[in-house]
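Visitor: sequence and predicted model, in that order:
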Amino acid sequence: MSAIASMFSRSFFHGTKADLKPGDLIVVGYQSNFAEARPLSWVYFSGTLDAAIWGAELAIGNGCERIYVVEPAGPFEDDPNLTDKRFPGNPTLSYRSRDPLRVIAEVTKWQGHPPERLQQMKDGLARLNAEGADIID
C-alpha cells in the first residue's frame, strides 16, 4: 500500500455518555449503553457518524452525549442485531468485537437528530422492549 493510499484509512466511531480520553479502552464486560441488563460480551461501533450519533443520543445515563473515534484492537464482524434483523447488507456500517476499542479522539462538533425523530426512535425501542425483543447480545 502506498503512503498516499494509507492516508484514507477507514474511521470508526462509538457513541456513548461515558467520559473517555484518548488512549482509553472500551472493553467487554460493561452494561449496554441502551438498557440495564447483563454485562455485554461485545463492544459495538460504527463506520458512520450517523450511527454513532444514534448511539450517543439513545445511551442511558446522565452524562453528556459523546462520540469517539475508535480503533478496533482485534477482529470484528457485522453487528447481527442490525444487519440480520433490520438493515440487511449493513448500510449503517455497524460492527461488534470481543476485543477492545482504543479511543483515538473525541468528535466535538456534530449535529443531533431532530427531537421528533429522536422521540420516534425511543418510542420504537420502547415498543420492542415491551414485546420482549432482546436486541443487544
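Guide: Done, it's in. Residues are numbered from 1 along each chain as shown.

Visitor: those helices in the protein, which residues are they?
Guide: Applying DSSP state H to the chain gives helices spanning 3-6, 49-58, 80-83, 115-130.

Visitor: okay, now residue 125: neighbour count?
Guide: 15 (other Cβ atoms under 10 Å). Just so you know, the C-beta spots here come from the backbone N, C-alpha and C atoms, and that holds for glycine as well.

Visitor: no no, residue 13
Guide: Per other Cβ under 10 Å, the neighbour tally for residue 13 reads 23.

Visitor: circling back: out of the helices of the chain, deepest packed?
Guide: Counting by mean count of other Cβ atoms under 10 Å, helix 49-58 has the highest mean neighbour count of the helices of the chain, with a mean of 20.

Visitor: chain center to it: distance?
Guide: In terms of Cα atoms, centre = their mean, to the nearest Å, the centre of helix 49-58 is set 7 Å apart from its chain centre.
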